[in-house]
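Engineer: Sharing a model prediction with you, sequence too.
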Amino acid sequence: MQWGLPLKTVSFWRLAVAMLAAIHGFAPAWADQGSNVDAPAQAAAPPPKPAPSLGKLPVAAFAKLPFLEMPVLSPNGQMIAGLFGARESQVIGLMNLFAKGGPMTIGIPEGTQVQWIRWVNDDRIIIGLTALIPMNADRWYVSRLISMDVKTGKPTRLLWDLKGQNASDVLWVASDGSPDILVAAQNSIYFGPDFWPSVYRVDTATGRKSRVVLGREGVHDWSADITGRIRSGLAYNDRNRTFKLLYRDAAGDAFQIIDSADSRKRETLQWPFLFLPGGSHALVMHDDDRGRSGIYETDLLTQKDVRTVFTMPDDSSMEVASPLLSDDGATLLGVATTDLNNSVHWIDPALAELQALFDKSVPGKRARIVSFSKDRSMMLVQVGGPDMPGSLYYFSMNVGVLNKIADVNQDVRSRRLAPVKAIRYKARDGLEIEGILTLPTGLDPRALPFIVMPHGGPWARDALNYDYIAQFLANRGYAVLQPNFRGSTGYGTEFLRKGEGEMGLAMQDDVTDAVQWAVKEGIADPRRTCIVGASYGGYAAMWGIAKEPERYRCAISIAGVASLRREVNDFGNNLMGGKFKDDWGRMTPNFEAVSPINAVDRIKTPLLLIHGKRDVTVDVSQSSRMFARMQGAGKQVEYVPVPLADHYFTRQPDRITLLTALETFLAKHNPSGDAAAGEVAAAQ
């Protein structure tokens, strides 16, 4: 559901921590053991055999929060940390795998979002938090760190005395069991020496800090080698959109500029993610001559590749998504890829062999190694598929059995829902597009009531993952197609850039062509088609009924963007705001011409708007303004503001509100089942 760039790519720069605490009460409200987190299943057996397809399930079954997200195993393999699903919302939690009772839970500070959770050692975790804070006439992103003692639950604020906007960029974690980490953080909201992030060595147990690298003008990112020595820095000038790469060797103190790049000319730098011992070589990720990302060993001083570490096969349209490193950051274990299964290619032979064994043990499902202990003898494995939420398992090399921890969704468990498959179709200009098709069970798969559901981003993509909204709609009798229109990520630079200049134009036509494909294939009834989307997908839903007023029977926008100009200029006072505006500017020559709010007069289709009032990614005013404009023009429109919902509807009551609104609106404007059959018969 994401609009624009992920928060992890953002550098923040203008809000003192005191302001944050005063405005939003950023002090954590720590809970004790005995929360409302659902207790994990206690079974210790291999994954169950597939169960028969379910009938119509209650809304709450699909709205149920996952038992656990962001699971990370402790270095000794004894505990799990992550975001646990409580009865109403997610909480940070810790669970001892070898003790009775549910997780010890920790309240998430109000108004913040958890970006990541990481173990420092067996006794302590650190948590990255962000918030988007209104200040004067603008909104500013703020990031902070907290650590927690896993035995006592006691929190410690890290670097909260600093007065900069960003203070959560963890560069290194000690691998010897000590509580030390390196963090890049700002200490001022004003331009000057303290504005640019310095690097601090922080004791996560006490919060004590010492500065090891002084901030330099223009440098907003640093990176460290496995010993904790800062080896490179990335400088950026937003006025002329230029980058510079700073580097020093393992023994020297002086940094030197070894490369520069102009983002307006599409130039890039070789940013290292793993420094190799004994010289200037490092592992980097960059595009190959096909425009698809891969992993390479590069000599940083010459900026020349010396070895190809991993690229996707020539006949693949996919690319490398990210490297996967060992616990100490010293070894490349594998790479995550952008194929539709989000597969991992393990470079480590032992993990590759183990993955193959997992795959054989769960036929018809997908087994993912999601976290492992420091010595990689114990791990967490999630087993599931696009038609089922799946289950989380614990595996120890000493035992050799997948032991079940819990079902991800304890209402659905491991039973199969609607079948999901990948499809391909050609856009009107011949470009091949991939999509994800979900078909309802128990129905004739011909001339079905149909929903096209474009993804958020737009720099994102849909894959063969469990999608609770798509599965809910299929459970209600709708065929659902999620097209990865041009401009989606994961298919290489050429496909990504085909979206430039085409927002609201060819990008939207790709969505329309997905509907045409489904009609031609006999899957979709052209008289019973709606468009539904979230975030950018919400924009596409609104723009779809403005661009082609006769195409759809109804449209639903969840946290959608109605006015492009306002949203693309909002980066939370981002340091790279100028570059991001350039990126958005390439997407369309005229924001206003393709903004739904300026095309209300063309809309003939009923529209439902749903938006969380605590959305920190797309402001709720995007929907409220569109609602007012539609009402003023006498159009059919409904608006469901959800008071406590964020952009991702991470509270269970908000998901129930969302799905109930979807079901009610669709039943009124594009009914499925017996009502739809009667309507079609009457029309004939």
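Structural biologist: Sure thing, it's come through. Numbering: from 1, shown residues only.
Engineer: Pull up the per-residue confidence for Pro46.
Structural biologist: As predicted, Pro46 sits at a pLDDT of 43.
Engineer: again, but for Trp3
Structural biologist: In this model, Trp3 is scored at 39, pLDDT.
Engineer: now swap in the one 10 residues further on and tell me
Structural biologist: Per-residue confidence for Trp13 comes out at a pLDDT of 25.
Engineer: swap in Gly153?
Structural biologist: 84.
Engineer: Count the neighbours of the nearest residue to Arg446 once chain neighbours are set aside for me.
Structural biologist: Once flanking residues are discounted, Arg446 sits nearest to Gly522: 5.0 Å by C-beta to C-beta, 6 or more residues apart in numbering. C-betas here are computed from N, CA, C, even on glycine. Neighbour count of Gly522, defined by other C-beta atoms under 10 Å: 11.
Engineer: wait, isn't Gly522 in contact with Asp444?
Structural biologist: No - Gly522 is beyond contact range of Asp444, at 10.1 Å (criterion: C-beta atoms under 8 Å).
Engineer: which secondary structure elements does the longest helix along the chain contact?
Structural biologist: Longest helix in the chain, counting residues (DSSP state H): helix 652-669. In terms of contacts (3 or more C-beta pairs under 8 Å, 6 or more residues apart in numbering; DSSP states H and E), helix 652-669 is packed against helix 59-63, helix 468-475, strand 524-534, strand 554-558, strand 607-612, strand 637-642.
Engineer: Try it again at 10 Å.
Structural biologist: With contacts taken as 3 or more C-beta pairs under 10 Å, 6 or more residues apart in numbering; DSSP states H and E, helix 652-669 sits against helix 59-63, strand 448-452, helix 468-475, strand 524-534, strand 554-558, strand 607-612, strand 637-642, helix 673-683.
Engineer: Okay, buried residues for it please.
Structural biologist: Within helix 652-669, the residues that count as buried by 16 or more other C-beta atoms under 10 Å are 652-659, 661-663, 665-666, 669.
Engineer: Which residues lie in contact with Leu83 in this structure?
Structural biologist: Shown in contact with Leu83 (C-beta atoms under 10 Å, 6 or more residues apart in numbering): 65-71, 89-93, 105, 108, 114, 117, 127, 650.
Engineer: separation between it and Asp149?
Structural biologist: Leu83 sits 19 Å away from Asp149, going by C-beta to C-beta, to the nearest Å.
Engineer: all helices of the stretch 401-550 of the chain, in order?
Structural biologist: All helices of the stretch 401-550 of the chain, identified by DSSP state H, counting those that start in this stretch, fall at 468-475, 493-497, 506-520, 536-547.
Engineer: Make CSV from these and add mean neighbour count to it.
Structural biologist: Formatted as CSV, these follow (neighbours: other C-beta atoms under 10 Å):
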stretch, mean neighbour count
helix 468-475, 24
helix 493-497, 17
helix 506-520, 22
helix 536-547, 28
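Engineer: Was I right to think Ser557 contacts Leu607?
Structural biologist: Yes - Ser557 lies in contact with Leu607 (C-beta atoms under 10 Å); the separation is 6.9 Å.
Engineer: of those two, who's got more company?
Structural biologist: Ser557 (31 against 28).
Engineer: show me the contacts for that one.
Structural biologist: Residues in contact with Ser557 (C-beta under 10 Å, 6+ apart) are 531-535, 537-545, 596, 607-611, 622-623, 626, 639.
Engineer: where does the stretch 101-250 of the chain dip in pLDDT?
Structural biologist: 135-138 (pLDDT under 70).
Engineer: how about the closest residue to Gly533 other than its chain neighbours, what does it touch?
Structural biologist: Spatial nearest neighbour of Gly533, chain neighbours left out: Ala541 (4.3 Å); criterion: C-beta to C-beta, 6+ apart. By C-beta under 10 Å, 6+ apart, the residues touching Ala541 are 452-454, 511, 530-534, 552, 554-558, 560, 596, 605, 607-609.
Engineer: check contacts around the residue lying closest to Gly435 once chain neighbours are set aside.
Structural biologist: By the measure of C-beta to C-beta, 6+ apart, the closest residue to Gly435 outside its immediate chain neighbours is Pro483, 4.3 Å from it. Counting by C-beta under 10 Å, 6+ apart, Pro483 makes contact with 423, 425, 427, 433-437, 452-455, 461-462, 507, 510-515, 517-518, 540.
Engineer: So Pro483 versus Val408, what's the distance?
Structural biologist: Distance from Pro483 to Val408, counting by C-beta to C-beta: 26 Å.
Engineer: repeat for Trp271
Structural biologist: Distance, Trp271 to Val408, by C-beta to C-beta: 34 Å.
Engineer: Compare the two and say which is more crowded by neighbours.
Structural biologist: More neighbours surround Val408 than the other of Trp271 and Val408, with 23 against 17 (other C-beta under 10 Å).
Engineer: Next, count neighbours for the closest residue to Lys498 other than its chain neighbours.
Structural biologist: Spatial nearest neighbour of Lys498, chain neighbours left out: Arg486 (4.1 Å); criterion: C-beta to C-beta, 6+ apart. Applying other C-beta under 10 Å, we find 23 residues neighbouring Arg486.
Engineer: doesn't Leu496 make contact with Arg486?
Structural biologist: Yes - Arg486 lies in contact with Leu496 (C-beta under 10 Å); the separation is 8.3 Å.
Engineer: what's the overlap in contacts for the two?
Structural biologist: With contacts defined as C-beta under 10 Å, 6+ apart, the residues shared by Arg486 and Leu496 are Pro458.
Engineer: residue contacts, the nearest residue in space to Tyr491 that is not next to it in sequence?
Structural biologist: Nearest residue to Tyr491, sequence neighbours excluded (C-beta to C-beta, 6+ apart): Ser317, at 5.4 Å. Contact analysis of Ser317 by C-beta under 10 Å, 6+ apart lists 290, 292, 338-339, 432, 434, 490-492, 494-495.
Engineer: 8 Å - rerun?
Structural biologist: Residues near Ser317 by C-beta atoms under 8 Å, 6 or more residues apart in numbering: 491-492, 495.
Engineer: ok, now Asn237?
Structural biologist: Counted by C-beta under 8 Å, 6+ apart, Asn237 has contacts Gly218.
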